[in-house]
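>>> sequence first, then the predicted structure, then my questions.
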Amino acid sequence: MAISVEDVKKLRDQTGAGMMKAKEALEHSGGDFDQAVKYLREKGEATAAKKSDREARAGLIESYVHSGRIGVLVEVNCETDFVARTDDFKAFVRDIAMHIAAASPEYLNSEAVPAAVVESEKSIYRKEVEGKPAEIIEKIIDGKLAKYYEQVCLVNQPFVKDPDVSVGKLTTDLVAKLGENIVIRRYQRMELGGV
């Protein structure tokens, strides 16, 4: 099947993929646009996983102040200054700062949650599931812990602009698009009158 230049351009505009990747995706999917998008996403996630061990020391520090009452500083790293200067990267960092202001995460990721806090949460969940069959108790606790992480961990939270996507997934998608490892390194959120 012949793939038209217009189809390749349309897929590129929609996904941000390179010309050759867009053409490859359309050829792989037999011209089916939805399948081509799915193919690119799957390939992108595989690419992002490969890049996750590469060092990210360039990047940006962004500030965001909401109504003079909430302030955020966030550091997001990438591998090169070239990527740090792209509009996509700058927009991502701004969005993350705004998300932190709105969602008020307590921790960067689940690894940052102190073990004592995790154990405290688990003990609460164990009391809630007393009397249930032993084989499903751990699955229920793991599910409740995952929900807890979605509330308190930045990378697990649903992104405020698109709640169907987590901040972690948003980051992975940008890694796939820009071709570099991207890491939300740290943040500080302050609220007027807060402790």
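Perfect, I can see it now. Numbers count the residues shown, from 1 in each chain.
>>> what's the neighbour count on the nearest residue to Leu170 once chain neighbours are set aside?
Across the structure, with C-beta to C-beta, 6 or more residues apart in numbering as the measure, the residue nearest Leu170 apart from its sequence neighbours is Phe159 (5.3 Å). The C-beta positions use only the backbone N, C-alpha and C, and glycine is treated the same way. Other residues near Phe159 number 19, with proximity taken as other C-beta atoms under 10 Å.
>>> got it, and Gln188?
One way to gauge burial is a neighbour count; for Gln188, by other C-beta under 10 Å, it gives 11.
>>> and Thr171, what does it touch?
By C-beta atoms under 8 Å, 6 or more residues apart in numbering, the contact list for Thr171 reads Phe92, Val155, Ile182, Ile184.
>>> out of those residues, who's the most crowded?
Among these, the one with the most neighbours (other C-beta under 10 Å) is Ile182, at 27 neighbours.
>>> so what pLDDT did it get?
With respect to pLDDT, Ile182 scores 93.
>>> quick check, it in contact with Glu75.
No: taking C-beta atoms under 8 Å as the contact criterion, Ile182 and Glu75 are not neighbours in contact, 11.7 Å apart.
>>> about what we covered before: out of the contacts of Thr171, what pair is the most spread apart?
Phe92 and Val155 (13.2 Å; C-beta to C-beta).
>>> any idea how many residues pack against Asn109?
Counted with other C-beta under 10 Å, residues neighbouring Asn109 total 15.
>>> residue most distant from the centroid, this structure?
The centre of the chain is farthest from one residue, Gly131, which by C-alpha atoms, centre = their mean lies 37.0 Å away.
>>> for the chain, what are the low-confidence residue spans?
Screening the chain residue by residue with the criterion pLDDT under 70, one finds the ranges 1, 13-19, 43-54, 195.
>>> helix, strand, or coil at the residue nearest the centre of the chain?
Within the chain, the residue whose C-alpha comes closest to the C-alpha centroid is Gly168; the distance, by C-alpha atoms, centre = their mean, is 2.1 Å. Here Gly168 is helix, with the state taken from DSSP: H, G, I helix; E, B strand; the rest coil.
>>> wait, what's in contact with Met29?
Let me fix one detail, which is that residue 29 is Ser and not Met. Gln35, Ala36, Lys38, Tyr39.
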